[in-house]
Structure formats: structure tokens, C-alpha cells
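K.L.:
just coords:
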């Protein structure tokens, strides 16, 4: 009786499983499994079927608990595990694949840091022994503020110095003499005919200098006018309002007698203007000699000594020509052109001017003055000017050297750092070196969370794979059976 009851229970259990398999068959059967009309597949855990190699994928399968059907998944190739130096050719420790020799993998070894006046050196070494040397430019001095060492006077330069804040090196420069600072006062006022005197006294030292004040011009005021007559010039009188000096100015020369309608010398003649009567008389013939001039001939002629009528020339003499004796400099020589000298004829007012060869003064250049300051990369200019004219000489000032400063920003886990060398004078960036990002490190990923970096505390990477385990739940009289697959950790 007990055996019959047990057989009935087992038969009933099998029927329930068969019915459940048929109902779920279409939902659970994979594409690569054959469909069994008697049951639905119940696949177990995946087990490795074929192992992956460095270059070929492998596979893993999960088999049905009731038949030979299975599900298959691919396992990615493992990739080579290379060992050795890239420059010598690496070999895979797993499959023996040999890689062709490549470039050297250099690492930096700082041999000597640069300072203000000396270059630095970085050695780059490869594991194979190959190396090369990189030279770092000297950083240059970083000077502080200028401090007066010797105060300048009005006429003598002073000096100032500054020190490098890194090495103490001192640099000295001259301080330009400021020149005199004059205070002016008049010690003698100018008059209409005499110059005055302006005294300049330096407020910083005892130097003095006198300068002439030009004489004033007369302040002429009109007083009266005298008309011209036959025998007297017409005049205007003026008086200076400042000094009282008088001045006559001819406005019309004397008119002379008006004998235009007068009879001959034998008759009496009366002036039509003033009534003066000249006695009647015969011509009084005489001779008069006109001396030769520089450009005119001399001669002797007959004339009436009473009326002035000329009759004939008796003789002539040649012109004398000019006679120039004492030449006086015109004081007009310039820096580049000869001056002249002028002489006046001893007999007339004619003058003669001639060039004095070699009298050019030449330029009188002063001190060099900076016009354009040199920069780190471009030349400057300085000039010196002639004290007598506007001419100047020019020469170039050599460019100054860059004064460098290094700025270093360290790399983080995700961002690159850099080292920038920049000139503090002109702000030009002289070099820029990138420091690679360090990448995250440390921490352990779980199946629900990514690993946390020990340096920056940021999560990175992917969560770990689930580690599964199976539990078979047997069917009951009213409930279906199933396989429960869950993660051990989550």
C-alpha cells in the first residue's frame, strides 16, 4: 500500500513538471537550443567551454537540467602580456608573440637645476642604456627695487643699485645729474639804449649765471611838423616818452628855388615859390673836376659858376675800381658749412663777401640720451644732439635678456599639469611642458559600486561582475518549481 502511494505521488510530480515545461517552453528556450516538446529548459550556471587565447575568443555554456540543450556566450580574447623593453622588441609571456623593436621609453632624471646664471641639465634614460641630455636655460636674476647709493648733484651723476632676490647679485646704474634749478632776479633794469642784467641763482648749489636783457625800444611820440622850403628840409619832430630823447625825421627834402620860367643868365631871375631874385649877370665860365670813382670815370668840364650850366668836358680819367682791404668775419659759419667774411671798399660803400674755406665748426655733440628703451627681444635707440644745430647721431641699444619665472601646476588624477617658463618683463611664454595626468589608483570595486580613488576620493572604472549562486526551488502541488540565481554579495 505504501509503495503504491509513493509511486502515485512521483507520477503526479512528473506530470506537473511536464505541464510547466510545455507552458514556458517558448519563453525560456534560447535561439541555439533545440525545443523539446516535453519540457521547458532550465539552464544552469555558465561553465567555460573553450579557453580564450591572446588573439582568439573563447566561450562558456549553460546546459539545461533536463536535456542536452545549452546557451553559449563568447569570452573576449585575453590580449598579449608583453614583457621586455619596447626599443628591443617585447615578447608575450602567454603565447610567445614577438613585437618588432620600437621607440625608446625615456624617463627623466634631473641632474642639475638651473639658477640665475647657470643652465640646468635633465638626463633622459631608457632601460636599454640609451640616454640624451636636455639643457634648461638659466632662470636669470630677479632684481628688487632700485636704491640710491650716491646722490647726484646738479652737474655730476649719482648711482643706484639693486640686488637679485634669489642669489644676491648686485647691479649698479648711474643716476642722471638733474642740472641746475635756477631762481631768477633782475639786478639791472634795461633802458631805451642800454641792456639790463638778469641774474640766475641755483636753488640747490651756489652756481650763478648772468644773462643780458635786451634794451627797450624808444617810445616815440609825434610833436610837430615843419614844412619844406626852397632852402630848408621839411621835418617831423618826435620825443621818446620813456627817456625824453628828441628825433627829427626828414619828410621832404628842400625844394630849391623855382627858376623854371627864368630868363637866361644875363637877365634877372626871380623864384616863383619864395620870390628870391637873382641878379642878372653874364656867365662866369670856370672849370670843375670830378674825381674818378670806383666804377665811374673822372673828368674836368667847363661850366657857369653862377647858373651851373655845363658847356664841355676838357679831359677824362679812368675809373679807379674798388679797393677792399680789411675783411671782417660775418660770424655765419655753421656746423657743416664754411662762413664768410666781408670787406667795405675804402672809397665807397660797396662791399665784397667771400667764403672762408675750412671755417665750418663741425658738430658739438652732447651726451648720449636714450630715446627708445631696449626690450627683451628688440633693440632700443639712443641719440646725442649737436648743441649748435638740430643734427644728431644715433646708435642701437642691444636687447635685454629675458628675466624668467617658472610656474608649476601639478597634475591630478584626471587632469594634466604643466610647467610654464615666462619672462617677467615682457610676459612672453618661453617654454611650456605638460605633466601627464596621474590616473586614479587604489580602492576596490564591488558589484554595485565602482572603485574609489585613494588620492582624490572620486569613483572610477566599472563595478565588479556579480558572483552568482543557484538555488533550486522544487515545485509543489500548486506552485511551479524554478531555479533561483542570485549574487552572493548583493
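P.N.:
That came through, no problem. Predicted model only: the values in this text are computed from it and were never measured.
K.L.:
where do the strands sit along the stretch 351-490 of the chain?
P.N.:
351-355, 369-372, 380-385, 392-397, 404-409, 417-423, 429-435, 451-452, 459-460, 468-473, 482-487 (DSSP state E, counting those that start in this stretch).
K.L.:
As JSON lines, the ones you listed with mean neighbour count and mean pLDDT would be great.
P.N.:
To be clear about C-beta, it is placed using only N, CA and C from the backbone, and glycine gets the same treatment. Compiled in JSON lines, the strands of the stretch 351-490 of the chain are given as follows (neighbours: other C-beta atoms under 10 Å; pLDDT from 0 to 100):
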{"stretch": "strand 351-355", "mean neighbour count": "12", "mean pLDDT": "94"}
{"stretch": "strand 369-372", "mean neighbour count": "12", "mean pLDDT": "92"}
{"stretch": "strand 380-385", "mean neighbour count": "16", "mean pLDDT": "94"}
{"stretch": "strand 392-397", "mean neighbour count": "13", "mean pLDDT": "93"}
{"stretch": "strand 404-409", "mean neighbour count": "14", "mean pLDDT": "92"}
{"stretch": "strand 417-423", "mean neighbour count": "16", "mean pLDDT": "93"}
{"stretch": "strand 429-435", "mean neighbour count": "12", "mean pLDDT": "92"}
{"stretch": "strand 451-452", "mean neighbour count": "18", "mean pLDDT": "90"}
{"stretch": "strand 459-460", "mean neighbour count": "16", "mean pLDDT": "88"}
{"stretch": "strand 468-473", "mean neighbour count": "11", "mean pLDDT": "83"}
{"stretch": "strand 482-487", "mean neighbour count": "12", "mean pLDDT": "82"}
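K.L.:
To residue 148, which of those lies closest?
P.N.:
Each of the strands of the stretch 351-490 of the chain has some distance to residue 148 by C-beta to C-beta; the shortest is strand 369-372, at 19.6 Å.
K.L.:
Tell me the strands beside that closest one, with direction?
P.N.:
Strand 369-372 pairs in its sheet with strand 380-385 (antiparallel), by DSSP bridges.
K.L.:
Okay, angle between the partner strand and strand 392-397 too, please.
P.N.:
For strand 380-385 and strand 392-397, the angle between their directions (axes from the mean of the first three to the mean of the last three C-alpha atoms, to 10 degrees) works out to 160 degrees.
K.L.:
which regions of the stretch 251-400 of the chain lie under the pLDDT threshold?
P.N.:
Low-confidence segments of the stretch 251-400 of the chain, defined by pLDDT under 70: 259-268, 279-281.
K.L.:
just to revisit the earlier point, adding distance to residue 108, write the strands of the stretch 351-490 of the chain out as JSON lines.
P.N.:
Listed next are those as JSON lines, based on distance: least, C-beta to C-beta, whole Å:
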{"stretch": "strand 351-355", "distance to residue 108": "78"}
{"stretch": "strand 369-372", "distance to residue 108": "42"}
{"stretch": "strand 380-385", "distance to residue 108": "39"}
{"stretch": "strand 392-397", "distance to residue 108": "39"}
{"stretch": "strand 404-409", "distance to residue 108": "14"}
{"stretch": "strand 417-423", "distance to residue 108": "12"}
{"stretch": "strand 429-435", "distance to residue 108": "10"}
{"stretch": "strand 451-452", "distance to residue 108": "29"}
{"stretch": "strand 459-460", "distance to residue 108": "26"}
{"stretch": "strand 468-473", "distance to residue 108": "48"}
{"stretch": "strand 482-487", "distance to residue 108": "46"}
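K.L.:
Nearest to residue 197, out of those strands?
P.N.:
Across the strands of the stretch 351-490 of the chain, the minimum distance to residue 197, taken as C-beta to C-beta, is reached by strand 380-385, at 29.6 Å.
K.L.:
picking that back up, quick one: which of the strands of the stretch 351-490 of the chain is nearest residue 320?
P.N.:
strand 351-355 (14.9 Å).
K.L.:
strands paired with that closest one, and their directions?
P.N.:
Strand 351-355 sits in its sheet next to strand 340-344 (antiparallel), going by DSSP bridges.
K.L.:
how about the partner strand: buried residues?
P.N.:
Of the residues in strand 340-344, 340, 341, 343, 344 count as buried by neighbour count, 16 or more other C-beta atoms under 10 Å.
K.L.:
what about stretch 173-183, average pLDDT?
P.N.:
The average pLDDT within stretch 173-183 is 90.
K.L.:
Give me the contact list for that stretch.
P.N.:
When contacts are taken as C-beta atoms under 8 Å, 6 or more residues apart in numbering, the neighbours of stretch 173-183 outside the stretch itself are 146, 148, 150-161, 200-205, 207, 209.
K.L.:
Which members of these are positioned in strands?
P.N.:
For the contacts of stretch 173-183, membership in strands holds for 148, 150, 158, 159, 160, 161, 200, 201, 202, 209, with DSSP state E as the criterion.
K.L.:
how about the residue nearest the centre of the chain, what does it touch?
P.N.:
The residue at the geometric middle of the chain, judged as the C-alpha nearest the mean C-alpha position with C-alpha atoms, centre = their mean, is residue 375 (7.0 Å). The neighbourhood of residue 375, defined by C-beta under 8 Å, 6+ apart, consists of 399, 400, 425, 426.
K.L.:
circling back: I'd like the ones in strands among the contacts of stretch 173-183 as CSV, with distance to residue 307 and neighbour count appended.
P.N.:
CSV is the format used below for those (distance: C-beta to C-beta, whole Å; neighbours: other C-beta atoms under 10 Å):
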residue, distance to residue 307, neighbour count
148, 95, 11
150, 93, 14
158, 90, 16
159, 93, 13
160, 95, 17
161, 99, 14
200, 70, 15
201, 74, 15
202, 77, 16
209, 69, 12
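K.L.:
Let me have these in a markdown table, adding distance to residue 360 and pLDDT as columns.
P.N.:
Output for the ones in strands among the contacts of stretch 173-183, formatted as a markdown table (distance: C-beta to C-beta, whole Å; pLDDT from 0 to 100):
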| residue | distance to residue 360 | pLDDT |
| --- | --- | --- |
| 148 | 43 | 89 |
| 150 | 40 | 90 |
| 158 | 38 | 90 |
| 159 | 39 | 92 |
| 160 | 41 | 93 |
| 161 | 44 | 93 |
| 200 | 32 | 92 |
| 201 | 37 | 92 |
| 202 | 35 | 91 |
| 209 | 29 | 91 |
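K.L.:
any chance of the residues you listed in a markdown table, plus distance to residue 319?
P.N.:
Converted to a markdown table, the ones in strands among the contacts of stretch 173-183 look like this (distance: C-beta to C-beta, whole Å):
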| residue | distance to residue 319 |
| --- | --- |
| 148 | 78 |
| 150 | 75 |
| 158 | 72 |
| 159 | 74 |
| 160 | 76 |
| 161 | 80 |
| 200 | 56 |
| 201 | 61 |
| 202 | 62 |
| 209 | 54 |
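K.L.:
quick one: which of these is nearest to residue 459?
P.N.:
Within the set of the ones in strands among the contacts of stretch 173-183, residue 161 lies nearest residue 459; the separation is 58.5 Å, counting by C-beta to C-beta.
K.L.:
Dig out what that closest one forms beta bridges with.
P.N.:
Counting by DSSP bridges, residue 161 is bridged to residue 147, residue 172.
K.L.:
if I pick it, what's in contact with it?
P.N.:
With contact set as C-beta under 8 Å, 6+ apart, residue 161 has these partners: 146, 147, 149, 170, 171, 172, 173.
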